[in-house]
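Attaching a predicted model along with its sequence, questions to come.
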Amino acid sequence: MTHRPHLAPFLALSARLTGFSIVDLEGTGMAELYHDVVLEALGHDGLEALLAAGPPGPSGADQGPTQGPKASQRLIRLWYTGLWDDALVDPQAYREGLLWRAIETNPPGSRPPGYGTWALEPSLRATLARGVASLVLVLSLVLGWGGPAAAASDADLLRLQQANNCSGCDLTAAPLARSDLYGVAISSSDLTGADLSGSLLNDARLVRSTLVDANLENALLIGADLSGSQLSGADLSNSHLTNAILRGAVLRGAELEGADLSSADLRQAQLVGAHLAGANLAGSRLQNADLSNADLSNADLRHADLRKAVLDGARLCGADLQEALMPDGRRADGLSPAC
């Protein structure tokens, strides 16, 4: 029997990098082979340095004198695809790649789904949305898609993928377009420049998170809690934020054209210079919000509460203000003049 003194720490590091448990990794039957592949490629000293350094820091580069700046990423790729430096290490590695588990499907041409499964009606929309989003995320990690600008922590992305919970995570510029993140908990996280366009984020908790310059176009954020979050410069055009909580959020210069903010809580929100043309703000709470120089042209503000809101320089032409409570407490009685 071959003695492998580094196998236990190798599995521990692999679990932290991939987001799967040690039991899951051992269950693939590939642990010893992958250990030997990495040992042969990096050498004894290189493997020890990799294990000592641990997962990469926020910049994505390994910490410590490992063999090359992306040894951790090469290890992630090995577990997910069975490839080391573009070479399949073993035919079984293809079948046992974590990629297939992550996207909840079987490897093509390897594991038939079983007799009679064609009679089961799939939940096509949910399956496709989850599968495509997971595939894009995993491939971005194991193949390095996105280049240097994609600075999100690999470990945090995998944690989000596996647990739907990543509070306090570094998800800078994360490629999460069209992801199913229903009810996700990612409060106090950094999502600067993240791509969440078209994603399902209903009932998500994003309290005090940073989403500066993030892309949330066409995202579903119904009932989401974004209170105290930084959203300056974010693109929320045509997003759905019905009943969302944005109390105290900073949305300076944010793009909200065509967004549905009906019944949203925007109390004390900073919307200076925000673009809200054609947005649905019916029944929204905007008390003490700062809407200076905001574009509210043709917006629906029926029954909105604007008491003590700041509207200096705001563009309200064509806005529907029927039954809205204005900053001075009086109730508006109709449409603003056309633009």
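Structure received.

Counting neighbours, show which residues of stretch 187-201 come out buried.
Of the residues in stretch 187-201, 187, 189-201 count as buried by neighbour count, 16 or more other C-beta atoms under 10 Å. Quick note: C-beta positions are derived from backbone N, CA and C, even for glycine.

In TSV: these, plus secondary structure, distance to V310 and pLDDT.
Below are those laid out as TSV (DSSP: H, G, I helix; E, B strand; the rest coil; distance: C-beta to C-beta, whole Å; pLDDT from 0 to 100):
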residue	secondary structure	distance to V310	pLDDT
S187	coil	28	92
S189	coil	29	93
D190	strand	29	94
L191	coil	28	94
T192	coil	27	94
G193	coil	29	94
A194	coil	29	93
D195	strand	32	93
L196	coil	29	94
S197	coil	30	94
G198	coil	33	93
S199	coil	32	93
L200	strand	34	92
L201	coil	29	95
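
Which helix or strand in the protein has the lowest average pLDDT?
Ranked by mean pLDDT, DSSP states H and E, the weakest helix or strand in the chain is helix 124-142, scoring a mean of 50.

Point out the other helices and strands that the helix or strand just after that helix packs with.
Proceeding N to C from helix 124-142, the next assigned helix or strand is helix 154-163, under DSSP states H and E. Using 3 or more C-beta pairs under 8 Å, 6 or more residues apart in numbering; DSSP states H and E, the elements in contact with helix 154-163 are helix 7-18, helix 71-81, helix 124-142.

which parts of helix 154-163 are buried?
D154, A155, D156, L157, L158, R159, L160, Q161, Q162.

With respect to N298, which of these is nearest?
Set against N298, the nearest of the buried residues of helix 154-163 by C-beta to C-beta is L160 (37.2 Å).

thought the closest one was touching A185?
No. Using C-beta atoms under 8 Å, L160 is not in contact with A185; the gap is 9.7 Å.

Mutual contacts of those two, please.
Common neighbours of L160 and A185, using C-beta atoms under 8 Å, 6 or more residues apart in numbering, are C166.

Average pLDDT for the top helix by length along the chain, rounded please.
Longest helix in the chain by number of residues (criterion: DSSP state H): helix 31-53. Helix 31-53 shows a mean pLDDT of 91.

How far away from the center of its chain is it?
32 Å (C-alpha atoms, centre = their mean, to the nearest Å).

now that helix and helix 7-18, what's the angle there?
Here helix 31-53 runs at an angle of 80 degrees relative to helix 7-18 (axes from the mean of the first three to the mean of the last three C-alpha atoms, to 10 degrees).

Which positions within helix 31-53 qualify as buried?
31, 33-35, 37-39, 41-42, 46-51, 53.

so which of these would you say is closest to L306?
Distances from L306 to the buried residues of helix 31-53, taken by C-beta to C-beta, are shortest for A53, at 54.6 Å.

how close does the closest one get to T192?
A53 is 26 Å from T192, where distance means C-beta to C-beta, to the nearest Å.

these two touch, right, N164 and I186?
No. At 9.0 Å, N164 does not count as touching I186 under the criterion of C-beta under 8 Å.

Comparing those two, which residue is more hemmed in?
Using other C-beta atoms under 10 Å as the criterion, N164 and I186 rank with I186 on top: 26 against 15.

can you tell me how far that one sits from V250?
Counting by C-beta to C-beta, the gap from I186 to V250 is 17 Å.

check contacts around D190.
Contacts of D190 by C-beta under 8 Å, 6+ apart are C169, D170, L171, T172, S209, T210.

Give me the distance from stretch 236-245 to the chain's centre.
Worked out by C-alpha atoms, centre = their mean, stretch 236-245 lies 16 Å from the chain centre.

got the end-to-end distance for that stretch?
14 Å (C-alpha to C-alpha, to the nearest Å).
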